[in-house]
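S.K.: output the structure for:
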Amino acid sequence: MNIFLLAIKNSTSKMLSTSLSCILLALSIGLLLFISQINKALDHQLQNNFAGIDMVVGAKGSPLQLVLSSVFHIDNPTGNITYDEYTKLKKHPWTKEVVPISLGDNYNGYRIIGTTANFASLYKTTLEKGKNATNPMEVVLGSQVAEQSKLTLGDKIHGTHGLLANQEGGKHEEHMMIVVGIYQSTGKVIDRLITTPLETIWMLHHEDTEDGHTDHEEQHHDPHKEEHHSHEEEHHNLHEEEHHSHEGETHIKEVTALLVSFRNPRALLMLPRHINDTTGTMAALPKFEMDKLTQTTGIGTQTIQWIAYIILGISVLSIFIHLYKTIKERSYELALMRTYGASRWQLVQLVGYEGILITTLGLLLGILCSQIGLSIMFTVIENQYKQSITTIHLYIDIIQVSLILALVISIVILFAMYPITKMDISKILSHEN
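M.R.: From the prediction side, this is the model:
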């Protein structure tokens, strides 16, 4: 007598009840694994991308928006600040390193970051090939940008106004940038960025401003003033180069934010408040802002976790009812099996195998559902935000859930098989109550 095959037949004979128990269990397991992995992956992504950045300085606005746009590059910046703020803060005795960044353009959704050579050192990465961008219109690609865009050294690209690929904006088709280097893969935000010297961004945006100014004047051209204009043209041309030179210095020398590392713990307590109170800029602490964000979003994830635990409890109860009801309804068959030589232990095995079978199917289906959900979620995040996220120690979560489930189901099976231990064969066979 093959007890295991008999358990399979017993389970399939009541497909509706078995399926319901498996689906409920799979749903709870899938939700638990999904939420656990989302929390771990996002926390790892946040911690991994702090990159030793203690403070971010930018235009007045939302501190969280400033951190998201300047550190994680998943939001719009709050505005620009003058380059003088960088030179002042760089000389401050409490700052160890200050790295300016300038945003505004993208290439196929990957942000082009105007910055200095120290930007790569924040993320502890080096060049995989090529050299650093030292001249205007030279760019270095993150590993993900190079892989997804199929770009290599010597290729030429042009940026587009805006920070998103689908954002409408003028293309800098007349200003081609050349790829001179590719960073090594780090799993950090720099993998999906394109870095270039600050002068590149200044040149592009200043020339766009000049073009816009010229177009505006042409639209308001007055033919009656043409003669007067011709008399002034020579004088204007004499001073035009000097005028644009001075105007360019005051107009284009702006940056989006400053990424600051502190020299000592005292700076953490004093410098952000000093900047916010005495300057026209805003200082934000990335770790503090992310802690507030995770506390806010943590309420939602905890709610989903509790829902998953409730569903798990319902699924376990459903398995118990299924097994207990099976024993009661098939008591006559079980009694016949005893008369034909089956031991009480074999009947216990029959019930145990059926419970283990339902639990195993539910667990495997739950793992599959969680992986499908995570794959869809990570794909959406990667396509929309260019964030590459992977599962973190998934096998540990699976082992933990499996052990908890094995303990609970073992208790359920023990309670469900209790009627077998009290079975009165003679009464059952004679149909006596």
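S.K.: going forward, measure contacts and count neighbours with C-alpha atoms only.
M.R.: OK.
S.K.: let's see the helix or strand containing S261 as CSV, backbone CA atoms only.
M.R.: S261 is located in strand 257-262, with elements delineated by DSSP states H and E. Only the C-alpha atoms of strand 257-262 are listed here, as CSV (Å, rounded to 0.1, in the frame of the first residue of the first chain):
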residue,chain,number,x,y,z
ALA,A,257,23.3,71.4,-5.6
LEU,A,258,26.4,70.7,-3.5
LEU,A,259,27.2,67.3,-2.1
VAL,A,260,29.0,67.8,1.2
SER,A,261,31.0,65.5,3.5
PHE,A,262,31.8,66.7,7.0
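S.K.: quick one: average pLDDT of that strand?
M.R.: Averaged across strand 257-262, pLDDT comes to 95.
S.K.: repeat for stretch 97-110
M.R.: Stretch 97-110 carries an average pLDDT of 91.
S.K.: show residues contacting it.
M.R.: With CA atoms under 8 Å, 6 or more residues apart in numbering as the test, stretch 97-110 has contacts from 70, 77, 86, 89-90, 111-116, 118-119, 145, 157-166, 192-194, 198, 201, 254-262, 386.
S.K.: now the helix or strand just after the strand holding S261 against strand 257-262, angle please.
M.R.: Per DSSP H and E, the first helix or strand lying C-terminal to strand 257-262 is helix 265-278. For helix 265-278 against strand 257-262, the angle by axes from the mean of the first three to the mean of the last three CA atoms, to 10 degrees is 150 degrees.
S.K.: so what touches whichever helix or strand comes after helix 265-278?
M.R.: The element immediately downstream of helix 265-278 (helix or strand, assigned by DSSP H and E) is strand 281-284. Contacts of strand 281-284 from elsewhere in the structure, counted by CA under 8 Å, 6+ apart, are 55-61, 63-64, 66-67, 81, 272-273, 275-276.
S.K.: and the contacts of stretch 306-322?
M.R.: 17-18, 21-22, 24-25, 27-29, 31-32, 355, 358, 408-409, 412-413, 415-416.
S.K.: buried ones in that stretch?
M.R.: 308-309, 311-316, 318-322 (16 or more other CA atoms under 10 Å).
S.K.: quick one: average pLDDT of that stretch?
M.R.: 90.
S.K.: if we can go back for a sec, which of the contacts of stretch 97-110 fall within strands?
M.R.: Counting by DSSP state E, the contacts of stretch 97-110 place 111-115, 157, 160-161, 193-194, 254-255, 257-262 in strands.
S.K.: just give me how far the helix or strand containing A308 sits from the chain centre.
M.R.: Counting by DSSP H and E, the element that carries A308 is helix 286-329. In terms of CA atoms, centre = their mean, to the nearest Å, the centre of helix 286-329 is found 23 Å from the chain centre.
S.K.: all further residue positions should be reported with the first residue as 324.
M.R.: All right, first residue 324 from here; so that's helix 609-652.
S.K.: quick one: work out the angle between the next helix or strand after it and helix 609-652.
M.R.: Tracing the chain past helix 609-652, the next element assigned as helix or strand by DSSP H and E is helix 654-662. Counting by the same axes, to 10 degrees, helix 654-662 lies at 70 degrees to helix 609-652.
S.K.: and helix 654-662, what's buried?
M.R.: Within helix 654-662, the residues scored as buried using 16+ other CA under 10 Å are 654-655, 657-658, 660.
S.K.: again, but for stretch 366-383
M.R.: Residues 367-369, 372-383 are the ones in stretch 366-383 that count as buried (16+ other CA under 10 Å).
S.K.: ok, so of those residues, who is nearest L329?
M.R.: L329 lies nearest to H367 out of those, by CA to CA, at 47.2 Å.
S.K.: could you list every helix and strand in contact with the helix or strand encompassing that closest one?
M.R.: For H367, the element it lies in under DSSP H and E is helix 338-372. The contact analysis (3 or more CA pairs under 8 Å, 6 or more residues apart in numbering; DSSP states H and E) places helix 338-372 against helix 609-652, helix 667-708, helix 717-739.
S.K.: just the pLDDT for the nearest residue to N372 once chain neighbours are set aside.
M.R.: Spatial nearest neighbour of N372, chain neighbours left out: K511 (5.6 Å); criterion: CA to CA, 6 or more residues apart in numbering. K511 carries a pLDDT value of 86.
S.K.: about what we covered before: which helices and strands does the strand holding S584 pack with?
M.R.: strand 378-382, strand 418-430.
S.K.: any idea which of those strands is most buried?
M.R.: Highest mean neighbour count of the helices and strands packed on strand 580-585: strand 378-382, a mean of 25 (counted as mean count of other CA atoms under 10 Å).
S.K.: lowest-confidence one in the buried residues of stretch 366-383?
M.R.: A374 (66).
S.K.: count of residues packed around the residue nearest to I690 when sequence neighbours are not counted?
M.R.: Spatial nearest neighbour of I690, excluding adjacent residues (CA to CA, 6+ apart): G353 at 5.7 Å. The local packing of G353 (other CA atoms under 10 Å) involves 26 other residues.
S.K.: how far away is G353 from S340?
M.R.: Relative to S340, G353 is positioned 20 Å away (CA to CA, to the nearest Å).
S.K.: out of the contacts of stretch 420-433, which end up buried?
M.R.: 393, 400, 409, 412-413, 434-439, 442, 468, 480-488, 515-517, 521, 524, 577-585, 709.
S.K.: among the helices and strands packed on helix 338-372, which is nearest L476?
M.R.: With CA to CA as the criterion, L476 lies closest to helix 667-708 of those, at 24.4 Å.
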